[in-house]
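K.L.:
quick one: sequence and predicted model below, then my questions.
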Amino acid sequence: MGEAGVLGAVDGSAGWRAKRRPGESSFGTATGGGMGILQLMAPDQAKLVPLLGKTTGWDVQSNKREECASLGNDWVSVAGSEKQMQFDVLPNCASYLQVKLKRVTDGGDHDVAICEVVGTGVWDDNKQTVLWLEESDAGGQSALDPSTALYSGQLRDEGII
């Protein structure tokens, strides 16, 4: 997942993430299909990183959705790029990638998910949803830099991670 991204939940499951520690539940088993949304967070979402990182979404002691809401960042439900699935996401992220799990491999102290990107999207303020780009449009997305997207270097500089 990296420090600056979070995978959105599918059908209310809070278990999506791009890495997991050995012994945790399998990717995609709660929802089937192994689909998720990787969200590249915006700089103004940096305060959410301590809430979203370090613990798994499967931890019953942690309700990341409620914790984000307490900081004024409610999650919303959006349709996926192919419209068959609903995903819970944070609004106003810099970018959204719908991914499909291909395999999980050993990463030492965590497992690493190898995923196929099946959709690329941007937040639509007018419709309050993710606007999924056509393949021909995805290359026209604005360049992302530290002024528009949250990067782990910024988080280190600010002492967040």
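P.N.:
Ah, there it is. Numbering: from 1, shown residues only.

K.L.:
tell me where this structure has strands.
P.N.:
Assigned by DSSP state E, the strands in the chain fall at 5-10, 19-20, 35-40, 76-79, 86-89, 95-106, 111-124, 129-133.

K.L.:
quick check: which of these is nearest to residue 52?
P.N.:
strand 5-10 (4.8 Å; C-beta to C-beta). All C-beta atoms are positioned from the backbone trio N, CA, C, and that covers glycine.

K.L.:
quick one: contacts for residue 47?
P.N.:
Under the criterion of C-beta atoms under 8 Å, 6 or more residues apart in numbering, the neighbours of residue 47 are residue 71.

K.L.:
again, 10 Å this time
P.N.:
68, 71, 72, 73, 158, 160 (C-beta atoms under 10 Å, 6 or more residues apart in numbering).

K.L.:
adding pLDDT, distance to residue 37 and neighbour count, write the residues you listed out as CSV.
P.N.:
What follows is the contacts of residue 47, written out as CSV (pLDDT from 0 to 100; distance: C-beta to C-beta, whole Å; neighbours: other C-beta atoms under 10 Å):
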residue, pLDDT, distance to residue 37, neighbour count
68, 89, 15, 19
71, 89, 20, 11
72, 91, 21, 7
73, 91, 16, 18
158, 85, 25, 12
160, 85, 22, 17
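
K.L.:
out of the residues you listed, which is nearest to residue 107?
P.N.:
Nearest to residue 107, judged by C-beta to C-beta, of the contacts of residue 47 is residue 160 at 22.7 Å.
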